[in-house]
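Visitor: please find the sequence and the predicted model below.
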Amino acid sequence: MSERQIRVLVAKPGLDGHDRGAKVIARALRDAGMEVIYTGLRQTPEMVVEAALQEDVDVIGLSILSGAHKALVPRIMELMAAEEMSDVPVFLGGIIPNEDVPAMKAIGVAEVFGPGTSTEVIISTIRQVVAQREDVA
């Protein structure tokens, strides 16, 4: 396969100090042939968007367990729009109540992955969304 390597930024915005899940996802994406940039803990929305811009990523994956997704994700989406990065899909994982998923998708999040989502589903979804985006371009 001469498939282009997908570049993924995995970020932990906010004050949540638990990153085991983000590291598991980062490793699974890497093992699936993607290039992964992991930002580490306690990133501000500005830091996440700046890293994505600097690294010229194809995808941003956010891991939020703290319940701050309703404040952090809209700010990240706003900053991405200001940087003309609206074509970069954003995926959200972590503890996101089911009733909040429609609001996250309404502001542009491509998909929300809850606890227990298999890495295979995450990998295939990322590949599918990136392929669709490239078909449109």
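Guide: Yes, it's here. Numbering: from 1, shown residues only.

Visitor: all strands of this protein, in order?
Guide: Listed in chain order, the strands found in the chain under DSSP state E are 7-11, 35-38, 59-64, 90-94, 109-113.

Visitor: could you dump these to a markdown table with distance to residue 45, mean neighbour count and mean pLDDT?
Guide: Any C-beta I mention is one placed from the backbone N, CA and C, and that applies to glycine too. As requested, those are exported to a markdown table (distance: least, C-beta to C-beta, whole Å; neighbours: other C-beta atoms under 10 Å; pLDDT from 0 to 100):
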| stretch | distance to residue 45 | mean neighbour count | mean pLDDT |
| --- | --- | --- | --- |
| strand 7-11 | 9 | 25 | 98 |
| strand 35-38 | 16 | 18 | 98 |
| strand 59-64 | 10 | 26 | 98 |
| strand 90-94 | 11 | 22 | 97 |
| strand 109-113 | 14 | 21 | 98 |
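
Visitor: what's the closest of these to residue 130?
Guide: Closest to residue 130 of those is strand 59-64 (C-beta to C-beta; 6.4 Å).

Visitor: quick revisit: may I see the strands of the chain organised as a markdown table, with distance to residue 29 added?
Guide: Supplementary listing: the strands of the chain in a markdown table, determined by distance: least, C-beta to C-beta, whole Å:
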| stretch | distance to residue 29 |
| --- | --- |
| strand 7-11 | 5 |
| strand 35-38 | 5 |
| strand 59-64 | 8 |
| strand 90-94 | 11 |
| strand 109-113 | 12 |
